[in-house]
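Engineer: Mind folding the following:
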Amino acid sequence: MPVNLPIILTWIRIAAIPAFVGVFYLPHDWMTPVQQNWTGALIFSAAAITDWLDGYLARKWGQTTAFGAFLDPVADKLMVAAALVILVQMKRADPMLAFIIIGREIAISALREWMARVGQSKSLAVNTLGKFKTAAQMTAIISLLLWEPVIPGVSTQMLGQFALVVAAVLTLWSMFYYLRRASPHMHKAPIKEPTHIGNSD
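Structural biologist: Numbers count the residues shown, from 1 in each chain. The predicted model follows:
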């Protein structure tokens, strides 16, 4: 396994997930609800920053690796899924919207793996629509984690819930976009997989 700073940052992001989730289960005599909100939002925001930073450093320093390309989106999706599950449990996010976002991430990850197997991974490169989706998603999650008003005259709760709806719509839109890009390759000959004895997947 290659080891460099971008990959270390990715591992730190994954390691932060239990700490992020654990914050919201601490007794209130240890940490008040407002402190939990701020701490959770800060951990998630830091994870979002390292998500951008590790990719930037890997490209700038020429340290991009196949393992890093695999691990980075996994870390991102795990953190987003953890945040959405917590928000649903706290009744701050609509379960259906969370399901749409998490389900889409699983589906597109599987689609990307399949496209890589047929040598067409570049066909599903992240586009502008995906970037808008990510921006709306980050805005929604951070706002809903904070919950309490932060900017005078702006309801953090309404902003987060609106951004989550936008993120879900863009999630579906981008999913159909990627499926349309992949559709010309779906009739190719199946990939011959090696035989695995005892494989029960």
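Engineer: List the residue ranges of the chain that fall below the pLDDT cut-off.
Structural biologist: 1, 115-127, 184-201 (pLDDT under 70).
Engineer: So which residue is smack in the middle of it?
Structural biologist: Lys77 (3.0 Å; C-alpha atoms, centre = their mean).
Engineer: tally of neighbours for the residue nearest to that one when sequence neighbours are not counted?
Structural biologist: Leaving aside its sequence neighbours, Lys77 sits nearest to Glu105 (C-beta to C-beta, 6 or more residues apart in numbering; 4.8 Å). For glycine as for every other residue, the C-beta is placed from the backbone atoms N, C-alpha and C. Glu105 is flanked by 20 other residues according to other C-beta atoms under 10 Å.
Engineer: Quick check: phi and psi at Val88.
Structural biologist: Val88 adopts backbone torsions of phi -60, psi -40, taken as degrees, to the nearest 10.
Engineer: what's near enough to touch it?
Structural biologist: Asp94, Pro95, Ala98 (C-beta atoms under 8 Å, 6 or more residues apart in numbering).
Engineer: Hmm, Gly130 is touching Ser174, no?
Structural biologist: Yes: here Gly130 lies in contact with Ser174, judged by C-beta atoms under 8 Å, at a distance of 5.2 Å.
Engineer: Emit the ChimeraX select command for whichever of the contacts of Val88 are buried.
Structural biologist: Selection of the buried residues among those in ChimeraX, burial being defined by 16 or more other C-beta atoms under 10 Å:
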select :98
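Engineer: Tell me the one of the contacts of Val88 nearest Val165?
Structural biologist: The closest of the contacts of Val88 to Val165 turns out to be Asp94 (C-beta to C-beta; 8.2 Å).
Engineer: what's near enough to touch the closest residue to that closest one other than its chain neighbours?
Structural biologist: Closest residue in space to Asp94, ignoring its immediate chain neighbours: Leu164 at 7.1 Å, by C-beta to C-beta, 6+ apart. Contact partners of Leu164, counting by C-beta under 8 Å, 6+ apart, are Ala93, Asp94, Leu97, Ala136, Gln137, Ala140, Ile141, Leu144.
Engineer: I appreciate the help and will end here.
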